[in-house]
Structures are given as structure tokens and as C-alpha cells.
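In: Return a 3D structure for these sequence lines:
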Amino acid sequence: MKMWMLRPRSIGLLLALMTLLVYLPATRNGFINFDDQDYVTKNHVVQKGLTWEGVKWAFDGVHFSNWHPLTWLSHMLDCDLFHLNPAGPHLVNILFHALNTTLLFALMWCLTKKLWPSAFIAALFAWHPLHVESVAWVAERKDVLSTFFALLALLCYVRHAKSGGSLPVWSAATGRRFPTTRQVMSFQSADMSAHSKPEPGSQLVANEQTATCLSSRFYWLALFFFALALLSKPMPVTLPLVMLLLDFWPLGRVTGAKWQVVGSVLRLTWEKWPFFLCTFALCVVTFLAQQDTAVSSLKAVSLGFRLENMVTAYAGYLWKMIWPMHLGMFYPVAPIPTSWLAASIIVLVGISIIVWLERKLSPWLITGWLWFLVTLIPVIGIVQVGRQAMADRYTYFPLIGIFLAIVFTLQAVVARFRFLKPCFAVAGFSLLIVCIWLTEKQISYWHDSETLYTHTLAIEDSATIRISLGAALQDQGRMSEAMAEYIRSFRLDNTSTLVWSDMAWMLDHDGKPEMAVIYYQEAVKRRPRSPSVYNNYGLVLAKLGRSKEAMDEFAAAARMDVRAARPQYLMGWLLLQQGHDIKAMSYLHQALRLEPDNLEVLILTASVLAADENPQVRNGAEARKLAERAVNLTNGQQAAPFDTLAMSYAETGRFDKAVQFQKQAIKLANIMNQKEDVALMQQRLRLYEKKQPWRGSFVKK
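Out: Now for the predicted structure:
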């Protein structure tokens, strides 16, 4: 008996270990420049790690069109543990995926007590290539994290339901909590008729109170984990409906004749009112978060097209589950062929009719099918978010329903025709081997941005992906190739803000700022929610001497993100160039308050404090503190922080230290082949050796 009890645990552990092995190559992958920048690599708040300021930032606002504070906190913890080493966040995603696999197995086992069907469902979930995107993409931590809490919520709900549970309420008669709609019928020790009234202190009352306590505990635990799932990602808002499906099968809580069934459903729905309340609240928050940034208007994407896309997306996900080949990271919105739309309608209607007709003989079919349909509702395209028609990551939780329906149908066939059992076992094992092979191959495409985008473009051309590929090439210094990708993107879709702004950046880089201004003007007309567009536009305007307009663009970027230091820094930098030193310092100090470890801000602020011609601005002691922080941040490996530190010591009259640090700056600049900087540093060194501080003007000449 003990060995039998250990068996499910051993299988769960084996599934988790195998999942870790399958996904371990993902730890060699890097960050990509699509969302990973917003979530980690260029997010200064996240990079500071878990701080009280970061916790407030995560909870008190909408960032990048989402409100998912737990996801932000998990990324902050990654930065504390691994800094910016991509292997760490990838490993955390893999661990969550392995845990989700074990939790799903435990859920299926708890629901059905069918060992191998439960294990096979969990294995399909773990190793199906459609789920690679959710695990191999660092920015999709929200998928694996929200599913982790959603599965815990379902496990607790099942324990609540199996304890005879319904919504606990206070009983005035006993002063304790009791179920109001269902009595626990497992108390064999009491010899009592169904209509007799239990005496206070009887065994039945004691057993009822114990079961009710357990039921209540698991009910509130389920609600707690559901709330955590919603704080990780809005998609689990449909979980209360999944609970209702499980009430039908396999929990069997929906019973009786026609009107009794209606009553059961109403009672079970009312039982979950706190869950539905959380769902409603999160839906409102999510819609408000995305309506101005990510949600497309009906004018941009018509309701008719959304309905067509919804139908074809459902069918498309089913096809990708059956034939998981040519999986890309982005499927752009595009005109839908009539033949594909008609075929999709026939497939969806046909499956729906079959599962309805078989609802009594094969109830798992309707539970699994509705699980799939219902959990995809938030991302199926009725509310169009972004420019994609569908996404592999959206199937992470919904496909559990399809796996459940298929596996238990096969189990029923094997139970009826036992001679097929060896054939099904071999076929199932072979299927899992193929899934693992395809998953390993799909993981390799996520190695870096260029590899991923090249693979995605080979499946379907897309302006969005060409922009991202251009940015990846640009980061590598391959400017001509990047420009070619931007031009191709522009030809595919010239309505995107990114296309215009990236083209403008490249034109400015090629020494054509006048042309860049034209492209930036088109970009800002589309009211982008990216402060960097306004910042870059302002820099080009400043280069052309249009300072007032540049200041307006920097101010617009500052209003868009009040926690961003760069707009404040750029306003201070521009005011310095105009000779408004005192006013400029207020902006530079504000930038430092927002990002105390921003190296660019530290060096400029310390330089002004140490060497500005205006004595009202100079403050050698403060300059030294900022310069020392810059040296520590660079581990003493860069010339500019030492150069600034030497200025600050010279300002305070400690010329011996100034000479020492200036020589160190010159040494590092020579190593880095910074010839122009070396000439300026040597001029300053000669002043320090003569016991003279260096004074400089930051006014643009």
C-alpha cells in the first residue's frame, strides 16, 4: 500500500526532472530585444532588485500596458540573484514550468485517480513545442508564474469540493461555519436517518464541523492563489468558469433532472462569487491599462474582422497543436481567406456538436473543449491587443483542456478494447519523443534576437519583426544591414511608429539630421507611448539648433514617464549648453534622484559640480561623492569616472590626489585607445601639477 502511495509522487518527480532536462539548453540563450528590454535589460527600476521603491512601483501603476506586480517582483528578484546574466531568468522560467507540470499531474490525479492518463496529460503539457515561447522567453515569466498560482488555486478548489464544500457562511445556531448547500455524507460512524436532527456534541456534528473547517480552509486558499495568479497576469480571469466545468466533470457536483441541474449551476456559480468579483475588478484594471496604449480601436480593426480572426485563431491553435511545425514568435494581423474562414467554422461547429451529443456518455469531452474555448477568450482577439492575430504563448494554459479531452477519450477506448493497449502505449511514447525533439529544436531558435527573427521571417513576413531584426543588427554595429531591414519594414507597413522612429534614428546616424526630423515628426504624430521617441527627436532638434522645440520634446517624454531619468538629464544637458547652469542643475539632481546609479548622469553632474565656471554651481565635496560612486559602478575599469574624480579633488585643493587619479584616467584611456580624451586629460594633468583646478564651460559653441 505504501509503495502504491509513493507511485504518483515518483511519477510527478520524474516528469519534473525530465522537463528540466528537456529545457536545460534554454539557459544558454540570451535576452532578446523584444519586450526583454522593457522587462529587464533596460528597466532601471527592475535592475535595482527588490527594494521598497521597486515594490511601490510594481503595485501603484501600469507599466508597458500591463498591471502584473508579482511578475515585476519576480524579475527584480532575478536581478538580485543573477544581475543581468540571462541564464538565471531562463533557469527560473524552466523551474516554474517543471513545477507546473508536476502540479498539473497532481490536479489530474486528484480529480480522476487515473494515474497514467494524468501523467500523459502532464507530459504533453510539459513537452509540447507550442509551449516553448512561454518558457524560453524571459519576458513571458508572467505565463509560467500565473499558471503556477492558477494550478494551485484549482488544486485547493478540488480539495474544497471533495470535502463537501460550498461557500461557507456563519451559522447562528452553532456559532461555527457550515456549508449551506451540501452536507458531508461520509460520516459512517453515526447511526442516524437522513431526516433526524443531530444532537449537539454527537459524532456526526463533530465530523461535519471538521469537514467544514477543511472545506472552508481550502476555499479561501483557492481564492488566495487565484488572486496571486491575477497579480501575475490578467489571463486567468476565466478560472472561475474552469471551476464550474470541473464541477460538471469529474467532480460530479452538477446533478439531478433538468431544473435541478439549473439550480445546481446557479448554486455553484453563487458559491464562487468572490472569484467572479476578483475577475471583474481585474478586467476593469486591465482594460483601463491597455485602452490608450495596446488596445486597437474599432476604426483600426473592425468588429467583423475581429470575429473572423477569433474563429480562425481557435482553429489555428488546434492545427498548431496537431502539427506544431513552423512556429514563429509573431503572427501579424492579415486578411483572412474565405476558404480558411469556412473551414474553421466547420471544424469548430462540428467539434461543438459532437461534444454536446456525447456530454452524458463522455463528459470529459465537453469539459475539455469548453476549457479550451473559455480560457482563450481574454486573448482571442475580441479585444484586439497589439498587432498580432495569435500567439503560441496564449496556448500555455488553454491546451490543457484539449489534452484532457483527447487523453481520456483514448483511455475510454483502451478500457473497451483492451487488446489495443500495447499499440496505444507505443504510439503515446513515440508521440512524446517527437514532442521532445521538436521542443529542443524550437528552443534553439530562441538563442538570440537575430536567430529568432530570421526564423520567424522565414515563416511569415512582418514589419514588426523586421524592425526588431533591424534593431538587433544595429546593436551589433551592422548599420547597412539594419537600414535595409528598416526600409523593408517601411515598405510592408508605414503606419507603425517604430518604423518611422527607427528610420529617423538611422538617418541621423548617417549624418542626415534634416531628413531625420521629417521622419520623427511623422512618428510623434501617432502619439507613441515610448519616451525614447521624444527623447531622440529632441536630440536631433538640439543638434540643428532648435533648442526650444527640443526642450518641448524632452518635457513630453518626462510627462509620459515621470520615473524616467533620461528626459530630466537631457533637459539639464540642453540648459547647460545654453548657459543656464543653475537651472540645469535642478534637472540633473532630479535625474539622480530617479536613477542614483545612472553612470551618464553621475559623470555629467559631478563634472559640472567640480569644474563649472560659475562658482555658485560648484560643490567639490558633492562632486567627489558622485565621482566615487561612478568609479565603484564601473569597478575602476573606465577612464571617465577617474577623470571626473580628479576634477573634484582639484576643486577641493587636494592636488596630489587629483594628479594620482588623472594619471589613472590617462592610463585607462590609452588602453581603450581614446586618443582625443587622452589629449584633454593631459592638459588637465598639467594644471593639477601646477596646483590649479580645471575650469570648463559647458556652453555649446
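In: now what about stretch 672-685, what contacts it?
Out: Stretch 672-685 is contacted from outside by 638-640, 643, 646-647, 650, 659, 662-663, 665-666, 669-670, 694, using Cβ atoms under 8 Å, 6 or more residues apart in numbering. C-beta: built from backbone N, CA, C; applies to glycine.
In: Please tell me how far residue 435 sits from residue 103.
Out: For residue 435, the distance to residue 103 (Cβ to Cβ, to the nearest Å) stands at 19 Å.
In: Now do the contacts for residue 542.
Out: Residue 542 sits next to 550, 574, 577 when contact means Cβ under 8 Å, 6+ apart.
In: Just the buried residues of whichever strand or helix holds it, please?
Out: Assigned by DSSP states H and E, residue 542 belongs to helix 531-543. The neighbour-count check on helix 531-543 (16 or more other Cβ atoms under 10 Å) flags 531-542 as buried.
In: Ok, stretch 579-599 next?
Out: Residues of stretch 579-599 classed as buried by neighbour count (16+ other Cβ under 10 Å): 581, 584-585, 587-592, 594-595, 598.
In: With stretch 650-666 instead?
Out: Applying a neighbour-count criterion of 16+ other Cβ under 10 Å, the buried positions in stretch 650-666 are 650-652, 654-655, 657-659, 661-666.
In: Then stretch 544-553?
Out: For stretch 544-553, a neighbour-count test (16+ other Cβ under 10 Å) marks 547, 549-551, 553 as buried.
In: Which parts of the stretch 51-200 of the chain are helices?
Out: Under the criterion DSSP state H, counting those that start in this stretch, the stretch 51-200 of the chain contains helices at 52-59, 69-82, 87-112, 115-127, 132-136, 141-162.
In: which stretch among these comes nearest residue 428?
Out: Go through the helices of the stretch 51-200 of the chain one by one with Cβ to Cβ and the one that ends up closest to residue 428 is helix 115-127, at 6.1 Å.
In: could you dump that closest one to CSV, C-alpha only?
Out: The C-alpha trace of helix 115-127 is given here as CSV (Å, rounded to 0.1, in the frame of the first residue of the first chain):
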residue,chain,number,x,y,z
LEU,A,115,-2.6,7.5,-13.0
TRP,A,116,-1.3,7.1,-16.5
PRO,A,117,-3.8,9.4,-18.2
SER,A,118,-2.9,12.1,-15.7
ALA,A,119,0.8,11.6,-16.3
PHE,A,120,0.3,11.7,-20.1
ILE,A,121,-1.7,14.9,-19.9
ALA,A,122,1.1,16.5,-17.8
ALA,A,123,3.8,15.2,-20.2
LEU,A,124,2.0,16.7,-23.3
PHE,A,125,1.8,20.0,-21.4
ALA,A,126,5.5,19.9,-20.4
TRP,A,127,7.0,18.9,-23.8
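In: hmm, who's touching it?
Out: Residues contacting helix 115-127 (Cβ under 8 Å, 6+ apart): 7-8, 11-12, 15, 18-19, 22, 97-98, 100-102, 104-105, 108-109, 112, 131, 399-400, 403-404, 407-408, 411, 428, 432, 435-436, 439.
In: Among those residues, name the buried ones.
Out: Listed as buried from the contacts of helix 115-127 are 8, 11-12, 15, 18-19, 22, 97-98, 100-102, 104-105, 108-109, 112, 131, 399-400, 403-404, 407-408, 411, 428, 432, 435-436, 439; burial here means 16+ other Cβ under 10 Å.
In: low-scoring pLDDT stretches of the stretch 601-701 of the chain, where are they?
Out: Scanning the stretch 601-701 of the chain for pLDDT under 70 picks out 701.
In: that older thread, which residue in the contacts of residue 542 has the weakest pLDDT?
Out: Lowest-confidence member of these: residue 577, scoring 92 (pLDDT).
In: Now do the contacts for that residue.
Out: Contacts for residue 577 were tallied using Cβ under 8 Å, 6+ apart; they are 542, 547, 698-700.
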